[in-house]
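After the sequence you'll find the predicted model.
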Amino acid sequence: PNPVKNELIIATEMNVEEIAIYDIYGRTVRQQVNKTTGQQVIDVADLENGIYFINIKTDKGNIVKRFIKN
């Protein structure tokens, strides 16, 4: 769901190698390394409300998406 309250859910069929979340100023606020496919749940409850970007590094390249934390 977007906006996100406590959990950000990522569903993909690609191999996810790394996930990084950035604030609107480009600062990394969360980073985790994964070697999985399928659905992943990222806890964002401790992030302040606002706009964030998530960079998902996969075996086929990077995907950048915007989400709103409420």
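Thanks, I have it. Note that the structure is a prediction, hence the values are computed from the model and not measured.

Now for Glu48: which residues touch it?
Neighbouring residues of Glu48 by Cβ atoms under 8 Å, 6 or more residues apart in numbering: Lys69. (Glycine included, C-beta is placed from N, CA and C.)

any idea of the pLDDT on it?
Note on Glu48: pLDDT of 95.

Now for the protein, the helix or strand with the poorest mean pLDDT.
Every helix and strand of the chain was ranked by mean pLDDT, DSSP states H and E. The lowest is strand 28-43, at a mean of 83.

How about the residue sitting furthest away from the middle of the chain, nearest residue that isn't a chain neighbour?
Within the chain, the residue lying farthest from the chain centre (Cα atoms, centre = their mean) is Lys60, at 16.8 Å. Sequence neighbours aside, Met14 is the residue nearest to Lys60 in space, at 5.6 Å (criterion: Cβ to Cβ, 6 or more residues apart in numbering).

which residues sit in contact with Ala11?
Neighbours of Ala11 in contact, by Cβ under 8 Å, 6+ apart: Gly38, Gln39, Gln40.

Check the secondary structure at it for me.
Secondary structure state of Ala11, per DSSP: H, G, I helix; E, B strand; the rest coil, is strand.

confidence score at it?
Looking at Ala11, its pLDDT reads 87.

And the one 3 residues further on, by the same measure?
As predicted, Met14 sits at a pLDDT of 87.

May I have the beta-bridge partners of Gln39?
With DSSP bridges as the criterion, Gln39 is bridged to Ala11.

does it really touch Leu8, like I thought?
No: using Cβ atoms under 8 Å, Gln39 makes no contact with Leu8, being 11.2 Å away.
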